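In: after the sequence you'll find the predicted model.
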Amino acid sequence: MEVTFTTPTGTTYSLFNDMLKQSHLLIAGASGSGKSVLVNGLICTALYSHPFDKAGGKQLILIDPKRTELSPYKRVPHCLRYASEPNTMVDALHYALGIVEQRYRVMEAQGLRKYNGSDVYVIIEELADLMTTQKRTVQPLIQRLCQIARAARVHLWAITQCPLATIITTPIKVNFDGIVALRTRCAQDSRNIIGVKGAEVLPRYGDCLYLTPDKTEVERWKVPYITEAEQSEMIRWWVAQLPTRQPLPTPPFPTPPRRGFFKRLFGR
Ligand SMILES: Nc1ncnc2c1ncn2[C@@H]1O[C@H](COP(=O)(O)OP(=O)(O)O)[C@@H](O)[C@H]1O
Ligand SMILES: [Mg+2]
C-alpha cells in the first residue's frame, strides 16, 4: 500500500511514509476536506506492512470522541486502547504516558537513547472536543506527551476540523513537527495551522499543504485515496489473524505516571 509520488525535482517520494516518520502530526481542515481519508490512509499504511507484536511493529491508541471515525480499528490486534467517553479519553492519554515511562525505564536499563521496539500512534480524532471540554487536563498532557514521547517511539496525531487559535493553542502547536492543512474555510484558519494563507483555496477532497522542519517551504500534495472497501478488507484480514481476540491488556503500570521520574530525567 505504499504510494509514491514524483516531486518536481524528480525524486521518488512517499507521502504516507514521510508522515509516518514524523514524531507528531497535526492534521486540520474544514469538514469534508479529506481528513478522515488521510488518517485512514496513514493507519492502513502503518498496519498493512507491519506486525503488531514484534520489533518494528505498529500499535494504536485511539481517542475517538465522535465514535465513528476510528471505531473500525478497535478490533485489530494493533489496537491497545480505544476510548470515546470523556473519562476514558483522558485515561488513554495517561495510558500513553505510562507506556513512555515504562519504555524510558527499559532505555535507562539498557543504556539506549532511542527505544528499540514498536511505534505507538496515539490518534486524537477531533482535538476540539477534548480542548473545549477538558482543556485544563488535556493541554498539559498533550504537551508532556509530545515533549518526551519521541525517543520512546510514541507518536501523537491530533486531528481537527476546528483550527481556531483556542483549539490549536501555541503550547500545543509548537510540539508538532509534521503539520498538514487540508482545505480551510478561510485564510485565517490556514494561518493558524501552517502559518501562511493558502489552504483556503485548495480544492476539497484531499489536496493538502504539508510542512515539516526539514522542508524550507510548505509543500502541496494530493492525498492518495484508500476506499472504505480496501480499509474494511484489511481490517478483516488483521482481525482474522487473532481468532480468539485477547481482552484488551490492562495497563501494567500506574496511571498517571509518577512525576518524579520525568523530573529526574529531564529536570522539568
Ligand atoms: N484524497 C482524496 N481523494 C479523493 N477523494 C477524497 C480524498 N479525500 C477525501 N475525498 C472525498 O471527500 C469526502 C470527504 O472526505 P473526509 O475525509 O470524510 O473529510 P473530513 O474527514 O475532513 O470531513 C470523502 O468521502 C471522499 O469522497
Ligand atoms: Mg472526518
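Out: Nice, thanks for sending it over. Ligands and ions are numbered 1, 2, ... in the order given.

In: show me what contacts whatever residue of the stretch 151-268 of the chain ends up closest to ligand 2?
Out: Per C-beta to the ion, residue 161 is where the stretch 151-268 of the chain lies closest to ligand 2, at 7.0 Å. Where you see a C-beta, it was placed from the backbone N, CA and C, and this is true even at glycine. Contacts for residue 161 (C-beta atoms under 8 Å, 6 or more residues apart in numbering) come out as 28, 29, 30, 31, 33, 35, 126, 128.

In: got a list of what the closest residue to residue 152 other than its chain neighbours touches?
Out: Sequence neighbours aside, residue 103 is the residue nearest to residue 152 in space, at 4.0 Å (criterion: C-beta to C-beta, 6 or more residues apart in numbering). The contact partners of residue 103, by C-beta under 8 Å, 6+ apart, come to 115, 117, 152, 153, 154.

In: can you check residue 81 too?
Out: Contacts of residue 81 (C-beta under 8 Å, 6+ apart): 61, 62, 92, 95, 248.

In: wait, a helix at it?
Out: No - secondary structure of residue 81 (DSSP: H, G, I helix; E, B strand; the rest coil): strand, not part of a helix.

In: can you pull the residues of the chain lying near ligand 1?
Out: 29, 31, 32, 33, 34, 35, 36, 37, 205, 206, 223, 225 (C-beta under 6 Å from any ligand atom).

In: now for these, which pair is the farthest apart?
Out: Within the residues of the chain next to ligand 1, 31 and 225 form the most distant pair, 17.8 Å apart (C-beta to C-beta).

In: which of these two has more residues huddled nearby?
Out: Taking other C-beta atoms under 10 Å, residue 31 and residue 225 do not tie; residue 225 has more neighbours (14 against 10).

In: now the more buried one: phi and psi?
Out: phi -100, psi 120 (degrees, to the nearest 10).

In: which non-adjacent residue is nearest it?
Out: Leaving aside its chain neighbours, residue 225 sits nearest to residue 37 (6.1 Å; criterion: C-beta to C-beta, 6+ apart).

In: check residue 202 too.
Out: The nearest residue in space to residue 202 (C-beta to C-beta, 6+ apart) is residue 183, at 4.3 Å.

In: wait, is that neighbour part of a strand?
Out: No - using three-state DSSP, the assignment for residue 183 is coil, not a strand.

In: list the contacts for it?
Out: Applying C-beta under 8 Å, 6+ apart to residue 183 gives the contacts 29, 30, 33, 34, 199, 200, 202, 203, 204, 207.

In: buried subset of those?
Out: Burial by neighbour count, 16 or more other C-beta atoms under 10 Å: within these this picks out 29, 30, 33, 34, 199, 200, 202, 207.

In: could you identify the most distant pair in the residues you listed?
Out: Every pair of the buried ones among the contacts of residue 183 checked by C-beta to C-beta; the farthest is 34 and 200, at 14.5 Å.

In: residue 69 against residue 36, yeah?
Out: Yes - at 5.5 Å, residue 69 and residue 36 qualify as touching, with contact defined as C-beta atoms under 8 Å.

In: can you list residues touching both of the two?
Out: Residues touching both residue 69 and residue 36 (C-beta under 8 Å, 6+ apart): residue 125.

In: can you pull out the strands in the stretch 151-268 of the chain?
Out: Remark: strands assigned in the stretch 151-268 of the chain by DSSP state E, counting those that start in this stretch are 154-160, 178-181, 207-211, 219-222.

In: would JSON lines of the ones you listed with mean pLDDT be doable?
Out: Shown next, in JSON lines, are these (pLDDT from 0 to 100):
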{"stretch": "strand 154-160", "mean pLDDT": "97"}
{"stretch": "strand 178-181", "mean pLDDT": "96"}
{"stretch": "strand 207-211", "mean pLDDT": "93"}
{"stretch": "strand 219-222", "mean pLDDT": "90"}
